[in-house]
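>>> structural data only, the sequence is not supplied:
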């Protein structure tokens, strides 16, 4: 994710906002990949990382603020 340009990050952010909720990760990846200016493989990697972070946040029952505070401490 750190290698994405500002344009790509902005595009990803907008695509995530527009995406309909999905329980199946490959369907979400497909939806996002079709509307971002980078490869489907890169979109898959980024969405997988974000999903992993979200799963960890839910598992630990953390607020977003507390989760990001802990993440930044790593």
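Yep, that arrived. Being a predicted model, the structure only gives us computed values, none of them experimental.
>>> which ones are touching the residue nearest the centre of the chain?
Of all residues in the chain, the one closest to the mean position by C-alpha atoms, centre = their mean is residue 50, 3.5 Å from it. By C-beta atoms under 8 Å, 6 or more residues apart in numbering, the contact set of residue 50 is residue 16. Where you see a C-beta, it was placed from the backbone N, CA and C, and this is true even at glycine.
>>> okay, now the unreliable bits of the chain?
For the chain, the stretches with pLDDT under 70 are 1-2, 74.
>>> so which residues of it form helices?
All helices of the chain, identified by DSSP state H, fall at 6-18, 25-33, 40-59, 64-73.
>>> pick the most buried one from the ones you listed.
helix 25-33 (a mean of 16; mean count of other C-beta atoms under 10 Å).
>>> what packs against that helix?
In terms of contacts (3 or more C-beta pairs under 8 Å, 6 or more residues apart in numbering; DSSP states H and E), helix 25-33 is packed against helix 6-18, helix 40-59.
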